[in-house]
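Coordinates for the following, if possible.
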Amino acid sequence: MSDPTEARRTAHRRVYEGKVLSLDVDEVEEPGGVKATREVVRHAGSVATLAVDDRGRALLVRQFRYAVGQAVWELPAGRRDGGEAPEAGARRELIEETGVVAAHMELLAEFFTTPGFCDERMWLFRASGLTLGIAQPEADERIEMRWFTPAEVDAALADGTVREGKTLVALLMEQRRRD
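Residues are numbered from 1 along each chain as shown. You can find the predicted model right below:
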C-alpha cells in the first residue's frame, strides 16, 4: 500500500441487508501492514434540522427510541430516501414530523455520526422563516413537539435533558451563534 491513509480490502461478506442499514464484514490490510476484521454498518445517510423561530426558540421532538429504551428529545430527522438531496430530505422530515415549513435552510454541518463502525453521513441544517402546518408522521411515529426558549435550551444542555448526538451538536452551534 502506497498511501498510508488507506486500507486494502482482502475479503468481503455482506451478512445483513435491511430497510435501514446493511452490515458488512471485511478483512482488511491497514496502513503499517495491520491485518484486521472490520464490521461496518452501511447507511444511506441522514438529515436533521434545527428549526429556530423568530423569537429564537428551538423546536425539538420527543419520541421513544427502542434501541436505548427511552423517549429522547432530538431534532426532527430521518434517513435520506434514495438519491434524495440532503436539503430536500431535511425539508421533508421537518414537515412530516412537525408540520413546519421553512422559508430558509442553512447547512450547518456535514459529518460522520459514528465512523468507528458506520459510514452514515449526516447533513445538519438550520431552518428559519417558519410557517406552522400539520404534521404528517409515519404510522409508527408517536411524536411530541416542544419549542425551547434559549434559556430552556441552555438548561436542557446543562442538566442532561438532551443526550442525543446530532441535537447536542446543533444546540451547541446555536448557543455559540447567540453568544
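
tell me the secondary structure for Q175?
Here Q175 is helix, with the state taken from DSSP: H, G, I helix; E, B strand; the rest coil.

surely it meets D154?
Yes: contact criterion CB atoms under 8 Å: Q175 and D154 qualify, at 6.8 Å. C-beta here means a position set from N, CA and C on the backbone, and glycine is covered the same way.

Could you export stretch 96-112 as PDB, CA atoms only?
What follows is stretch 96-112 as a C-alpha-only set of coordinates in PDB (Å, rounded to 0.1, in the frame of the first residue of the first chain):
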ATOM      1  CA  GLU A  96     -43.500  15.100   8.300                       C
ATOM      2  CA  GLU A  97     -42.500  15.200  12.000                       C
ATOM      3  CA  THR A  98     -43.700  18.700  12.900                       C
ATOM      4  CA  GLY A  99     -45.700  20.300  10.100                       C
ATOM      5  CA  VAL A 100     -43.200  23.200   9.900                       C
ATOM      6  CA  VAL A 101     -42.300  24.600   6.600                       C
ATOM      7  CA  ALA A 102     -39.100  26.700   6.300                       C
ATOM      8  CA  ALA A 103     -38.500  29.600   4.000                       C
ATOM      9  CA  HIS A 104     -34.700  29.400   4.600                       C
ATOM     10  CA  MET A 105     -32.400  26.400   5.100                       C
ATOM     11  CA  GLU A 106     -28.800  26.800   6.000                       C
ATOM     12  CA  LEU A 107     -26.300  23.900   6.100                       C
ATOM     13  CA  LEU A 108     -24.600  24.000   9.500                       C
ATOM     14  CA  ALA A 109     -22.500  20.800   9.200                       C
ATOM     15  CA  GLU A 110     -21.900  17.600   7.400                       C
ATOM     16  CA  PHE A 111     -20.400  14.900   9.500                       C
ATOM     17  CA  PHE A 112     -20.000  11.100  10.100                       C
END
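
Could I get the average pLDDT for that stretch?
The pLDDT scores in stretch 96-112 average 97.

Could you do stretch 151-168 as well?
97.

which residues of this structure fall in helices?
Along the chain, counting by DSSP state H, helices occupy 86-98, 150-159, 165-178.

in stretch 113-128, what counts as buried?
Neighbour-count burial for stretch 113-128 flags T113, C118, D119, E120, R121, M122, W123, L124, F125, R126, A127 (criterion: 16 or more other CB atoms under 10 Å).

Those in strands, which ones?
Secondary structure from DSSP state E places R121, M122, W123, L124, F125, R126, A127 of the buried residues of stretch 113-128 in strands.
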